[in-house]
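J.: Here is the input, now give the coordinates:
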Amino acid sequence: MTSPLRTAPTDHDLPPLDIRQYIDGATGLLGGAANVIMQLANPAVGHGVVESPVESGQVFRHPIKRLRTTVTYLSVAMLGSEEERAAYRAAVDTSHRQVRSGPNSPVKYNAFDSRLQLWVAACLYWGAKDLYERMHGPMDEAVADAFYQYSARLGTTLQMRRDQWPPTREAFDRYWTENLARTSIDPTVKAYFEDLIDLKMLPRPFQLAFGGVHRFFVTGLLPQHLRDEMGMTWTPRQDRLLDQLLRTLGAAESHLPTPVRTFPLNAYLMDMRLRRRLGMRLV
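T.: Next up, the predicted model:
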């Protein structure tokens, strides 16, 4: 019997979609830390990042560089050409080759594991769709299907095979529910998350000025299971306030021209293209 994961379309079969209309650029960064927590709540992904020997990719030592490489990956995956995706894949591979579990790691992991990359891509898709619909309302069925199929690029830009992406949104929902329930946050990874939420990678004045607001958005954008894992509280009143803020941001953003809405993704894509022309490192 053929596995349902084997029936997913190839990238060439995707329906037409102007993905730029469904990308929230700067406001999308509001969900960045919450999405990192979703990804790293898979213990293998979490310990892979926390224990990574790639010093240049550590967010608490090089926050600006880490932001650049992460947002550039998203921009290339969603807006880049096939050639650009291949070039960025090769660049990321040079770092990922060093990320594998050692004899003292509490879990086994390898950054080239396509199943872990599927989980990361699933978190990115779920977070992007959740934030978009909180800001702009539900997508219609045809757009939701097209957006979902297009989002497989979040994984296939690395080693995830296209046939690993669940073939339909219904299949994805089953995958998401089952795998989210398996996530857990141990004390080591939780301490990393707490520092991330409190903006410990930034100077102290920024931490004091924005840490509380950042924690509010992170908490509100996490699935309830992960709030529980983090020991976070979230009230109906806070949820209503977050919904109101996001709808207001969405209404304001809908009046902006496309290049402004997609900033900074378009800017990081231009930076990547310039780096390629100049022969500079991409990551």
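J.: who's in contact with stretch 265-283?
T.: 23, 25, 57, 68-69, 71-72, 74-76, 78-80, 84, 87-88, 91-92, 94-95, 259 (Cβ atoms under 8 Å, 6 or more residues apart in numbering). No exception for glycine: its C-beta is placed from N, CA and C like everyone else's.
J.: what do you get if the cut-off is 6 Å, keeping everything else the same?
T.: Here stretch 265-283 makes contact (Cβ atoms under 6 Å, 6 or more residues apart in numbering) with G25, T69, V71, T72, S75, L79, Y88, A91, V92, S95.
J.: So what's the gap between it and the chain middle?
T.: 20 Å (Cα atoms, centre = their mean, to the nearest Å).
J.: Just the buried residues of that stretch, please?
T.: The neighbour-count criterion (16 or more other Cβ atoms under 10 Å) identifies L265, N266, Y268, L269, D271, M272, R275, L282, V283 as the buried residues of stretch 265-283.
J.: ditto for stretch 187-203
T.: V189, K190, Y192, F193, L196, I197, D198, L199, M201, L202.
J.: Helix or strand next in line after the helix or strand hosting the fifth one, which one?
T.: What it means is L196. Assigned by DSSP states H and E, L196 belongs to helix 187-197. Per DSSP H and E, the first helix or strand lying C-terminal to helix 187-197 is helix 204-221.
J.: name the helices or strands packed onto that next one?
T.: On a contact count with 3 or more Cβ pairs under 6 Å, 6 or more residues apart in numbering; DSSP states H and E, helix 204-221 meets helix 32-40.
J.: Alpha carbons only: can I get the helix or strand following the helix it packs on in CSV?
T.: For helix 32-40, the following helix or strand on the C-terminal side (DSSP H and E) is helix 43-50. The C-alpha trace of helix 43-50 is given here as CSV (Å, rounded to 0.1, in the frame of the first residue of the first chain):
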residue,chain,number,x,y,z
PRO,A,43,14.3,17.5,21.8
ALA,A,44,16.6,16.6,18.9
VAL,A,45,16.3,20.0,17.3
GLY,A,46,16.6,21.8,20.7
HIS,A,47,19.8,20.1,21.8
GLY,A,48,21.2,20.4,18.2
VAL,A,49,20.9,24.1,18.5
VAL,A,50,21.9,24.5,22.2
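J.: what pLDDT, on average, does helix 43-50 get?
T.: If you average the pLDDT over helix 43-50, you get 94.
J.: So what's the gap between that helix and the chain middle?
T.: Distance, centroid of helix 43-50 to centroid of chain: 15 Å (Cα atoms, centre = their mean).
J.: ok, and for it, which residues are buried?
T.: P43, A44, V45, G46, H47, G48, V49, V50.
J.: Leaving out the residues flanking it, which one is nearest to the first one?
T.: Here the nearest residue to P43 in space, its sequence neighbours aside, is V107; by Cβ to Cβ, 6 or more residues apart in numbering that works out to 4.7 Å.
J.: Any idea how many residues pack against that neighbour?
T.: Applying other Cβ atoms under 10 Å, we find 14 other residues in the vicinity of V107.
J.: quick one: secondary structure of it?
T.: coil (DSSP: H, G, I helix; E, B strand; the rest coil).
J.: Surely it and A44 touch.
T.: Yes: using Cβ atoms under 6 Å, V107 makes contact with A44 at a distance of 5.2 Å.
J.: Greatest separation within the buried residues of stretch 265-283: which pair is it?
T.: N266 and V283 (18.9 Å; Cβ to Cβ).
J.: coming back round to it: for the residue nearest to P43, give its distance to L249.
T.: 37 Å (Cβ to Cβ, to the nearest Å).
J.: same check, this time on Q207
T.: For Q207, the distance to L249 - Cβ to Cβ - is 23 Å.
J.: In contact with the residue sitting nearest the centre point of the chain, which residues?
T.: Centroid-nearest residue in the chain, with Cα atoms, centre = their mean: L124, separated by 3.5 Å. By Cβ under 6 Å, 6+ apart, the contact set of L124 is L154.
J.: I'd like to know how far it sits from D198.
T.: 23 Å.
J.: quick revisit: of the buried residues of stretch 187-203, which is the nearest to Q244?
T.: I197 (22.0 Å).
J.: Would you mind giving me the confidence score for that closest one?
T.: Confidence score, pLDDT, at I197: 96.
J.: and it, what does it touch?
T.: R215, V218.
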